[in-house]
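Participant: mind folding the following:
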Amino acid sequence: MSQALFRQSVPVFIRMLSNLKSMLAKAKTYAQDKKVDESVLLQARLFPDMFPLVRQVQIAGDFAKGAGARLAGVEVPKYEDNETSFDELIARLARTIDFLSGLKAEQFEGCAERVITLPFRPDQPMKGEVYLIDFAIPNFYFHVTTAYALLRHNGLAIGKQDFVGEI
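Facilitator: All right, here's what the predicted structure looks like:
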């Protein structure tokens, strides 16, 4: 089971964050070509009560590194949420990908039964399998998808292949 949870998480997170990183690079070029200030795209929202693009990207990475770390039984890396450019967001995703790439399947031994307690949900501990499948993965995909939708909504010529990536 632990090997399966590793395969269902770390490689998937790396792939999707790499795809998101590529989309952000395209967005940077798009902003330059169209002479649009990056902050306009970075602060774009689908609706006023939703987080802007910059926060969607930060949270997607946070779910990936948080899940990987918690399931591997290592400390979750802490990043400041202070990115103000596409280059800074791309660098943040690269750091997250590097962290995830350093995790090994052996570290996930017993993670399905490991109790995960989140700092913002201390009264709702979950076993590792439930945490990954019912909480971390859905939240991760929500924020990656929302980032994609924000970029697409604001005119970036991206499609499903950009989201899914190479198979």
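Participant: for Gly165, give its distance to Arg95.
Facilitator: Here Gly165 is placed at a distance of 20 Å from Arg95 (C-beta to C-beta, to the nearest Å). Glycine gets a C-beta too; all of them are placed from N, C-alpha and C.
Participant: repeat for Glu80
Facilitator: Counting by C-beta to C-beta, the separation of Glu80 from Arg95 is 11 Å.
Participant: neighbour count: the two, which is higher?
Facilitator: Arg95 (14 against 7; other C-beta atoms under 10 Å).
Participant: what does the pLDDT read for the residue nearest to the more buried one when sequence neighbours are not counted?
Facilitator: Among residues not flanking Arg95 along the chain, Tyr79 sits closest, at 7.1 Å (C-beta to C-beta, 6 or more residues apart in numbering). Note for Tyr79: predicted pLDDT of 97.
Participant: so Tyr79 lies in a helix, does it not?
Facilitator: No: assigned with DSSP: H, G, I helix; E, B strand; the rest coil, Tyr79 falls outside any helix and is coil.
Participant: show me what contacts it?
Facilitator: Contacts for Tyr79 (C-beta atoms under 8 Å, 6 or more residues apart in numbering) come out as 58, 61-62, 92, 95-96.
Participant: tell me which other helices or strands the helix or strand encompassing Phe163 touches.
Facilitator: According to DSSP states H and E, Phe163 maps onto helix 160-164. Judged by 3 or more C-beta pairs under 8 Å, 6 or more residues apart in numbering; DSSP states H and E, the packing partners of helix 160-164 are helix 2-34, helix 137-153.
Participant: now the shortest one: buried residues?
Facilitator: Right, helix 137-153. 137, 139-140, 143-144, 146-148, 150-151 (16 or more other C-beta atoms under 10 Å).
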